[in-house]
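A.B. asks: Here is my input; please provide its structure:
(chains A, B, C and D)
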Number of protein chains: 2
Amino acid sequence: MSKDQPTSGSRLGRRNDPERREKIIQACLQVIAEVGVTGTSHRKVAAQAGVPLGAMTYYFDGMQDLLHSAFSELATRVSDDFERLMDTATDKQSACEKVYERILQASSGYDDELVLSHELYTLATREPAFRTITSEWMRRSRVSLERHFDPLTARLLDATIEGVTIHRALDAQPRDPEEIRAAIARVTGVPSFSS
Amino acid sequence: MSKDQPTSGSRLGRRNDPERREKIIQACLQVIAEVGVTGTSHRKVAAQAGVPLGAMTYYFDGMQDLLHSAFSELATRVSDDFERLMDTATDKQSACEKVYERILQASSGYDDELVLSHELYTLATREPAFRTITSEWMRRSRVSLERHFDPLTARLLDATIEGVTIHRALDAQPRDPEEIRAAIARVTGVPSFSS
DNA sequence: GACATTTGAGTACACTCGTACATATACTTT
DNA sequence: AAAGTATATGTACGAGTGTACTCAAATGTC
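C.D. replies: The predicted model follows:
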């Protein structure tokens, strides 16, 4: 789907920044976080990345390809982070604690990751190409949770994280963090986790 | 925020369709469902509604106002439906059953409501004006659930509905409906509901 | 050093957009 | 019937868009 990275290696020259493609992707995510997919344009991304407009169509096959590349990158980064987080837990109890902290952080204040994931979801509900990204995201999330929970519980917990995070983020009035603990306790059946 | 509906009544004349404003709102939701907020324009909405372009700025104070009106309408409609659905339940058990059916329906196949709610969430993560709509939506949803569950359970169940629906909808591979039952059973503590 | 080839940049074009505004239409009042 | 007014519409404008395409620059090869 995406244009190949221009051939690198000893035989072919690349003059300027060899990480230009990556720089554009990061700039794109930043622009999306600020103004949404709706407000994203080649020109804004180019300006943010500090590259000429022509580079947009040079490195990517149009806007769709750019968005797809950017969200793929995002999904990978977030999945990596979550995997690492779950790996630091030693048992069910501490895994619950990590999940709790993650929800608390993601749902409070302005978090780019939350905004970006919603933008992705919106694209995914309409276009299958983006649904492969969300599918893989969820799969990896599930796998990370399965290090500590049985498959069914992992799925339910994964969905719960999603729901609680969204409801906390989109409610105008602040919510009691204890709700998070209660949700995790009920879904995982780790009673000692609720207070 | 929104332009007032042009005065109606016996004293002032209105030539064409007296429900024009409403017609535009419905057309707007339809267009959003098809091409997303990103792809929505005054011209497309006007064409869909069968009204002249000039009517867009006549009935609404610009695009933002149109979107806000449209999503307010959506939220009200969906909340009404859910309220009615919960009122038909007679006890916890049947309330769980209704919730189950609702998740199953919303998350399977193409449902405009799902697409539209995501578009709204995306706007809400960025703009407070839209967050008042999501807040009210969630509040009403909670109230409906509180007819059968205690406040905390109602909140948790509300979030669970959200999470499970999203994960079912955005996963490329189909999921076992039993997951829904399991989620509801664990969150509500109605054991007989899980099979 | 000279040539060939690839990489990257700037520009221009065709198009869509939101919105303001002048104008026309239908209704109410006199 | 005439005048006046509120309602609705068509149009035009300036801004911003994606992308194709031309050409300069830098590198690899001889």
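
A.B. asks: what about the residue nearest to residue A:79 when sequence neighbours are not counted, which helix or strand?
C.D. replies: The shortest distance from residue A:79 to any residue other than its chain neighbours is 4.1 Å, reached at residue A:140 (CB to CB, 6 or more residues apart in numbering or on different chains). No exception for glycine: its C-beta is placed from N, CA and C like everyone else's. Element membership for residue A:140, per DSSP states H and E: helix A:128-145.

A.B. asks: Can you check the pLDDT for the closest residue to DNA strand C within chain A?
C.D. replies: Per CB to the nearest atom of the strand, residue A:54 is where chain A lies closest to DNA strand C, at 2.8 Å. pLDDT for residue A:54: 90.

A.B. asks: how far away is it from residue A:129?
C.D. replies: 25 Å (CB to CB, to the nearest Å).

A.B. asks: out of those two, which sits in the busier spot?
C.D. replies: residue A:129 (15 against 10; other CB atoms under 10 Å in any protein chain shown).

A.B. asks: quick one: the residue of chain A closest to DNA strand C from residue B:33, how far?
C.D. replies: 36 Å.

A.B. asks: swap in residue A:25?
C.D. replies: 29 Å.

A.B. asks: just residue A:93 next, same as before
C.D. replies: 44 Å.

A.B. asks: can you pull the contacts of the closest residue to residue A:88 other than its chain neighbours?
C.D. replies: With CB to CB, 6+ apart as the criterion, residue A:88 has its nearest non-adjacent residue at 6.9 Å, and that residue is residue A:98. Shown in contact with residue A:98 (CB atoms under 8 Å, 6 or more residues apart in numbering or on different chains): A:85, A:86, A:88, A:89.

A.B. asks: helix or strand for residue A:98, which one?
C.D. replies: helix A:92-107.

A.B. asks: got the CA coordinates for stretch A:151-158 in CSV?
C.D. replies: Provided in CSV are the C-alpha atoms of stretch A:151-158 (Å, rounded to 0.1, in the frame of the first residue of the first chain):
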residue,chain,number,x,y,z
PRO,A,151,-8.2,-15.5,27.7
LEU,A,152,-11.8,-14.6,28.5
THR,A,153,-10.9,-12.4,31.4
ALA,A,154,-8.2,-10.7,29.3
ARG,A,155,-10.8,-9.9,26.6
LEU,A,156,-13.2,-8.5,29.1
LEU,A,157,-10.6,-6.5,30.9
ASP,A,158,-9.4,-5.1,27.6
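
A.B. asks: So what's the gap between it and the chain middle?
C.D. replies: Stretch A:151-158 has its C-alpha centroid displaced from the chain centroid by 19 Å (CA atoms, centre = their mean, to the nearest Å).

A.B. asks: Low-confidence stretches in chain A?
C.D. replies: A:1-18, A:109-110, A:194-195 (pLDDT under 70).

A.B. asks: next one: the helix ranked longest in it to chain centre, how far?
C.D. replies: Ranked by residue count and defined by DSSP state H, the top helix of chain A is helix A:62-87. When distances are taken as CA atoms, centre = their mean, helix A:62-87 is centred 5 Å away from the chain's centroid.

A.B. asks: Pull out the buried residues from it.
C.D. replies: For helix A:62-87, the neighbour count (16 or more other CB atoms under 10 Å in any protein chain shown) marks A:63, A:65-75, A:78-79, A:82, A:86 as buried.

A.B. asks: do the helix holding residue A:140 and DNA strand D meet at all?
C.D. replies: No. Using CB under 7 Å from any atom of the strand, helix A:128-145 stays clear of DNA strand D, coming no nearer than 14.4 Å.

A.B. asks: Name the residues of that helix that are buried.
C.D. replies: In helix A:128-145, counting by 16+ other CB under 10 Å, buried: A:130, A:131, A:133, A:134, A:135, A:137, A:138, A:140, A:141, A:142, A:144, A:145.

A.B. asks: State the pair within those residues that is farthest apart.
C.D. replies: The span of the buried residues of helix A:128-145, defined through CB to CB, is set by A:130 and A:145 at 22.9 Å.

A.B. asks: tell me the contacts of the closest residue in space to residue A:24 that isn't next to it in sequence?
C.D. replies: For residue A:24, ignoring the flanking residues on the chain, the nearest one in space by CB to CB, 6+ apart is residue A:49 at 4.8 Å. Counting by CB under 8 Å, 6+ apart, residue A:49 touches A:20, A:23, A:24, A:26, A:27, A:28, A:55.

A.B. asks: Nearest to residue B:108 among those?
C.D. replies: residue A:28 (32.6 Å).

A.B. asks: separation between that closest one and residue A:45?
C.D. replies: 5 Å.

A.B. asks: Common neighbours of these two, please.
C.D. replies: residue A:66.

A.B. asks: The residue in chain A that chain B sits nearest to sits in which helix or strand?
C.D. replies: In chain A, the residue that lies nearest chain B is residue A:163 (2.7 Å; CB to the nearest CB). Assessed by DSSP H and E, residue A:163 sits inside helix A:151-170.

A.B. asks: Show me how far that helix is from its chain's centre.
C.D. replies: Put simply, helix A:151-170 sits 15 Å off its chain's centre (CA atoms, centre = their mean).

A.B. asks: Give me the angle between that helix and helix B:151-170.
C.D. replies: Here helix A:151-170 runs at an angle of 110 degrees relative to helix B:151-170 (axes from the mean of the first three to the mean of the last three CA atoms, to 10 degrees).

A.B. asks: In helix A:151-170, which residues are buried?
C.D. replies: Buried residues in helix A:151-170 (16+ other CB under 10 Å): A:153-170.

A.B. asks: and which of the contacts of residue A:49 is nearest residue B:175?
C.D. replies: Among these, and counting by CB to CB, the member closest to residue B:175 is residue A:28, at 31.3 Å.

A.B. asks: burial count for that closest one?
C.D. replies: 28.

A.B. asks: Now it: which helix or strand?
C.D. replies: Assigned by DSSP H and E, residue A:28 belongs to helix A:20-39.
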